[in-house]
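*Asks:* the following comprises the amino acid sequence and a computationally predicted model.
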Amino acid sequence: MTKLNYAATFGLAVALAVPAMWAAEVHKEARLDIAPGGSVNIFNNGGSVNLHSDAGKQVVVVYTMHSDKVEVDQTTTADKRRAEFRTHVIADQKPSPEEARVDYDVSVPKGVGVTVSGATATIVADNMNSDLTLSTDTGQVTVRNVYRSHITVHSVAAPVTLSNITNGTVDVTTSTGTVEMTSVFGPKVKAGTTSGNITYRGDCAGGGEYSFATHSGAIDVFMPETASVDLSAHTETGALQTDFAFKAKDHNYFTNKQGSSFSGTSNSGLSSLELRSFSGKIRVKKQ
Amino acid sequence: MNCQQFHEVLPEILENGGNEEEEGHLRACPDCAVLVQDLDYIGTQAKLMMPMHDPSPRVWEGIEQSLRREGLLQEGRTPRLGNVMVLPHPAQNWTVTGWIMAAAAVLAFAAVLIGYHPKLQTGEFSAQNSAAPSTAVFDGDDQQVLSQVSHQEPAVRQAYETSLREVNAYIVDARQAVKQAPEDTVAQEHLADAYQQKEMLYQMASAHGLQ
């Protein structure tokens, strides 16, 4: 009988504890009509924002608040062209970072643009066909499987990872964060950092303009032998290495100098690849 | 003019003032500017401490010999401006205290000069040979940016501080490169990039301030 009492007590404790844990979290769902080509803005300081496409015509936002010290304000314009979700602290409340967290899961119809702004928020965009403007200070930004879209990312120190981006324009600016790009192609791909490293893996396909620039960060480009690029690489005080068989150009806006500047073409030179680092290392290697 | 050349003519500059080239180096080189300020301060303080009596000739000869030993005065050397550097002839009576204060001022002067090592060579850039960001002081606009994120978590505030330091170093380097080669397109692009980086930081901080 004693063992049975223990088991019953334990079971009762678990049964009471689980709802208690869930009671601290509040889950809400919002479904909004949005005009074609409209936009959704998410302002969320901490927590996470997950974005993906939906076949429907509504914006579906599911958010989880981890305390009752924050709330989410939701607004939509009368013409349904813009919807906004804004996390804010309730007046006179002082939540801890954990209590201030709100996690969003956002589904948008194809063609509806999304803007996300945060401080420590982690932002993930996966499988989308929408223009994205993402900014976070120290969180993390991951964008994958996005096609035919304009992608703009701003970060202070957050690392930025892009993969499988096709036929889109990409503009990434981060101060001390790293930028990693894998299979990113489009008419214009641009990344700039102050001290963060930039790594690109792919063949710079599509005849686009690829431009990577840093102050002191390193730039590493890994390309297959079949890549068709017109390369200009220059560093003021850093070092330049390439193990590609480029055909040197006779004429460019700077002079080729062993170890610090080079311009040349690989195969037919369809895409333009410009690499500039003031004092960082630039490496162009075979994949 | 580099720091080494400036160092060689520093005594004349302190005595008679500098020419245009020397003044230009002072404006461009923060290390040399700080050194001149320190030496001026030492000189001013030493005068305040000294009593109003001149030391004996033996004292001045001793000072001159110390300066020659340290390489700050060379035998038979003509100063840049063609002026002859003449040590003041002393009056007859000087107290022991004054003698000690003068020697202390000279030793402090020599110690500062010996200990002074210019950090940058010609083609000096703040990021060269340095893994750490420049410790430039934040100006008023930067301070305002930092105040806009002051209520954020410590990691966010620190990220803005570090980034502002690094982007200011980028601007310094890019400006220097453009100054050295105004027709250099790459240098101009770096300067534009540096300012864009700073603008991004300001915009992101402003967004926090508005929220």
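*Replies:* Alright, I've got the coordinates.

*Asks:* close to chain A: what parts of chain B are there?
*Replies:* Listed as neighbours of chain A in chain B under the rule Cβ under 8 Å from any Cβ of the partner chain: B:123, B:125, B:127-128, B:133, B:149, B:152-153, B:155-156, B:159-160, B:162-163, B:166-167, B:169-170, B:173-174, B:177, B:184-187, B:189-190, B:193-194, B:196-197, B:200-201, B:203-204, B:207-208, B:211. (C-beta placed from N, C-alpha, C; glycine too.)

*Asks:* out of the residues you listed, which are inside helices?
*Replies:* Those of those mapping onto helices are B:155-156, B:159-160, B:162-163, B:166-167, B:169-170, B:173-174, B:177, B:185-187, B:189-190, B:193-194, B:196-197, B:200-201, B:203-204, B:207-208, per DSSP state H.

*Asks:* pull out the buried members of those.
*Replies:* Buried subset of those (neighbour count, 16 or more other Cβ atoms under 10 Å in any protein chain shown): B:156, B:159-160, B:162-163, B:166-167, B:169-170, B:173-174, B:177, B:186-187, B:189-190, B:193-194, B:197, B:200-201, B:204, B:207-208.

*Asks:* how about the contacts made by residue 33?
*Replies:* Because you didn't say which chain, this covers chain A. For A:Asp33, the contact set (Cβ atoms under 8 Å, 6 or more residues apart in numbering or on different chains) comprises A:Lys57, A:Gln58, A:Thr76, A:Lys80.

*Asks:* right idea, wrong chain: chain B
*Replies:* Here B:Ala33 is in contact with B:Leu26, B:Arg27 (Cβ under 8 Å, 6+ apart).

*Asks:* next, it: secondary structure please.
*Replies:* helix (DSSP: H, G, I helix; E, B strand; the rest coil).

*Asks:* now chain B, which segments are flagged as low pLDDT?
*Replies:* B:41-63, B:66-95, B:105, B:108-137, B:210-211 (pLDDT under 70).

*Asks:* quick one: which of the contacts of A:Asp33 is most hemmed in?
*Replies:* A:Thr76 (18 neighbours; other Cβ atoms under 10 Å in any protein chain shown).

*Asks:* next, that one: phi, psi?
*Replies:* Note on A:Thr76: backbone dihedrals following degrees, to the nearest 10 are phi -140, psi 140.

*Asks:* that one and A:Val26, how far apart?
*Replies:* Distance of A:Thr76 to A:Val26, given as Cβ to Cβ, to the nearest Å: 21 Å.

*Asks:* number of nearby residues for B:Ser206?
*Replies:* Close neighbours of B:Ser206, defined as other Cβ under 10 Å, add up to 14.

*Asks:* who are the contact partners of the closest residue to it other than its chain neighbours?
*Replies:* Using Cβ to Cβ, 6 or more residues apart in numbering or on different chains and skipping the chain neighbours, the partner closest in space to B:Ser206 is B:Gln148 (6.4 Å). B:Gln148 makes contacts with B:Ala205, B:Ser206, B:His208, B:Gly209, as judged by Cβ under 8 Å, 6+ apart.

*Asks:* and for B:His190?
*Replies:* Going by Cβ under 8 Å, 6+ apart, the list of residues near B:His190 reads A:Ala213, A:His215, A:Glu236, A:Arg276, A:Phe278, B:Tyr170, B:Asp173, B:Ala174, B:Ala177.

*Asks:* which residue packs closest to the last one, ignoring adjacent ones?
*Replies:* Closest residue to B:Ala177 apart from its sequence neighbours, by Cβ to Cβ, 6+ apart: B:Ala187 at 3.8 Å.

*Asks:* what's A:Asp171 in contact with, if anything?
*Replies:* Counting by Cβ under 8 Å, 6+ apart, A:Asp171 has contacts A:His150, A:Ile151, A:Thr152, A:Val153, A:Lys188, A:Lys190, A:Ala191.

*Asks:* and it, that's in a helix?
*Replies:* No - the assignment for A:Asp171, made by three-state DSSP, is strand rather than a helix.

*Asks:* who's in contact with A:His215?
*Replies:* Counting by Cβ under 8 Å, 6+ apart, A:His215 has contacts A:193-195, A:277-280, B:127, B:166-167, B:169-170, B:173, B:190, B:193-194, B:197.

*Asks:* same thing but 7 Å
*Replies:* The contact partners of A:His215, by Cβ atoms under 7 Å, 6 or more residues apart in numbering or on different chains, come to A:Thr194, A:Ser195, A:Phe278, A:Ser279, B:Ala127, B:Tyr170, B:Ala194.

*Asks:* I'd say A:Asn197 and A:Thr178 touch.
*Replies:* Yes - contact criterion Cβ atoms under 7 Å: A:Asn197 and A:Thr178 qualify, at 5.0 Å.

*Asks:* break chain B into its domains for me.
*Replies:* B:3-115, B:140-210 (automatic domain parsing).

*Asks:* distance of the residue nearest to A:Lys188 when sequence neighbours are not counted from A:Thr242?
*Replies:* Spatial nearest neighbour of A:Lys188, chain neighbours left out: A:Thr169 (4.5 Å); criterion: Cβ to Cβ, 6+ apart. Separation of A:Thr169 from A:Thr242 (Cβ to Cβ): 26 Å.
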